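K.L.:
fold the stuff below for me.
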Amino acid sequence: MMFGKDNKISNMQIALLTVHTIIGVGILSLPSTLAETVGTSGWISLVLSGIIAAVPVIMITKVTEKYRGWNLFEISSYLLGKTLTYITFTLLIINFIGQSAFVIRIFGEVIKMFLLFSTPIEVTIVTMLLTAVFTARGGIETIARLSLLVVPFILIPTLILNVVLIPDLDFTNLLPFFKNNFADVIKSIPATFFSFGGSEFLLVYMYYSKHPKSAMKYNIGAIVTVTVLYLLSFFITLARFGEKGLGVQLWPLLSLAKAIQFPNAFIENVEGIIMAIWVIVVFTTLMSAIFVASVLIRQMFRTEESKYFTLPLLPIIYFFSLIPRNVVLVYSYMQVFTYIFGTFASLIYPILLYILAVFKKKGEAKDETTI
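P.N.:
Sure, this is the predicted structure:
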């Protein structure tokens, strides 16, 4: 491997990995979901969901800091016992494999609709999976460095595109800010909250932190960053399409590409730029999910290397990605899957570990600190 082999990364790199992982494909459909359910009050649902999402992040950070130097299997075995740990790990692995399958299927559908019209979706999926698997085999340092490397390629074009888009925005579409009653907003939170799914990746990432004691501000910063990005995407698409227009869009952020025109046709294929940015984000999400799943399998079987488990995951992810017959069923299956496995991975499991860690007697664990 071309980078160092100490298998430790900075808290900033962990935060960037978390941001990339959470955003994934959810940002594509989130604005339209909010417009359809709560209209212009969608921003309230986003803010509340961001606050809720920060709770398990705080718990994960505190638990991994208390048992620093322990991997997740060791922490879980100590707090839950071996039997429950094997059960919970199985559920976590299913969650990460399922996430990978839905991400790669949506990726394939988008690429087929906007770029490679005549290319079979199976070819697109396999190509992306092979690339992600190869990168995941490089280990956490490779993944973290790549996530840091792509930031300028995401940030700079996004800022330029937003500036160019401003003249086409009608900010009166954002009004009224408080259209729906609070009960309707509360009802929309479950669907919005799962767009913040991915914080459970910290259960594995934090083991590789160089400085776990100072990780809290970075991890909270990652959730704040995701919340701000979601708010910006919601406000921009709402200002461009209006509440009714946004509600009927499947992927409103991609539809924005058709509305962007550079002066003097400086750049004609704006869709290509937006797609390139999104492909980078999806790739980082996919390789992270594959890496984390392989790490959990390695810890379960107590082997030395996780890279041996990445390639066997490819056919499994490929098979499950092709089960839904169309994109409507993809989102329908993903919603059910997320409510079951996503709830466990991002809420129930971190909360359970935190509660047990709080009530564990001091001095029972090596290098243990209070929560």
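K.L.:
ok, which stretches of this protein are strands?
P.N.:
Counting by DSSP state E, the chain forms no strands at all.
K.L.:
can you give me the neighbour number for the closest residue to residue 272 other than its chain neighbours?
P.N.:
Spatial nearest neighbour of residue 272, excluding adjacent residues (Cβ to Cβ, 6 or more residues apart in numbering): residue 115 at 7.8 Å. C-beta: built from backbone N, CA, C; applies to glycine. Look at residue 115: counted by other Cβ atoms under 10 Å, it has 13 neighbours.
K.L.:
now the phi/psi pair for residue 115, please.
P.N.:
Main-chain dihedrals, residue 115, degrees, to the nearest 10: phi -130, psi -70.
K.L.:
how near is it to residue 68?
P.N.:
45 Å (Cβ to Cβ, to the nearest Å).
K.L.:
about what we covered before: the residue nearest to residue 272 and residue 122, how far apart?
P.N.:
Counting by Cβ to Cβ, the gap from residue 115 to residue 122 is 16 Å.
K.L.:
over to residue 195?
P.N.:
With Cβ to Cβ as the criterion, residue 195 and residue 122 are 28 Å apart.
K.L.:
between those two, which one's more packed in?
P.N.:
residue 195 (25 against 12).
K.L.:
contacting residues around the more buried one?
P.N.:
For residue 195, the contact set (Cβ atoms under 8 Å, 6 or more residues apart in numbering) comprises 22, 26-27, 30, 49, 230.
K.L.:
burial measure for the nearest residue to residue 239 once chain neighbours are set aside, as a count.
P.N.:
The shortest distance from residue 239 to any non-neighbouring residue, by Cβ to Cβ, 6+ apart, is to residue 169 (4.0 Å). Counted with other Cβ under 10 Å, residues neighbouring residue 169 total 18.
K.L.:
repeat for residue 47
P.N.:
Per other Cβ under 10 Å, the neighbour tally for residue 47 reads 15.
K.L.:
just checking, it touches residue 227?
P.N.:
Yes - counting by Cβ atoms under 8 Å, residue 47 touches residue 227, with 6.8 Å between them.
K.L.:
helices along the stretch 151-300 of the chain, start to end?
P.N.:
Assigned by DSSP state H, counting those that start in this stretch, the helices in the stretch 151-300 of the chain fall at 151-165, 182-193, 202-205, 216-247, 252-255, 270-301.
K.L.:
mind giving me CSV with those and columns for distance to residue 142?
P.N.:
Listed next are the helices of the stretch 151-300 of the chain as CSV, based on distance: least, Cβ to Cβ, whole Å:
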stretch, distance to residue 142
helix 151-165, 16
helix 182-193, 31
helix 202-205, 14
helix 216-247, 20
helix 252-255, 28
helix 270-301, 9
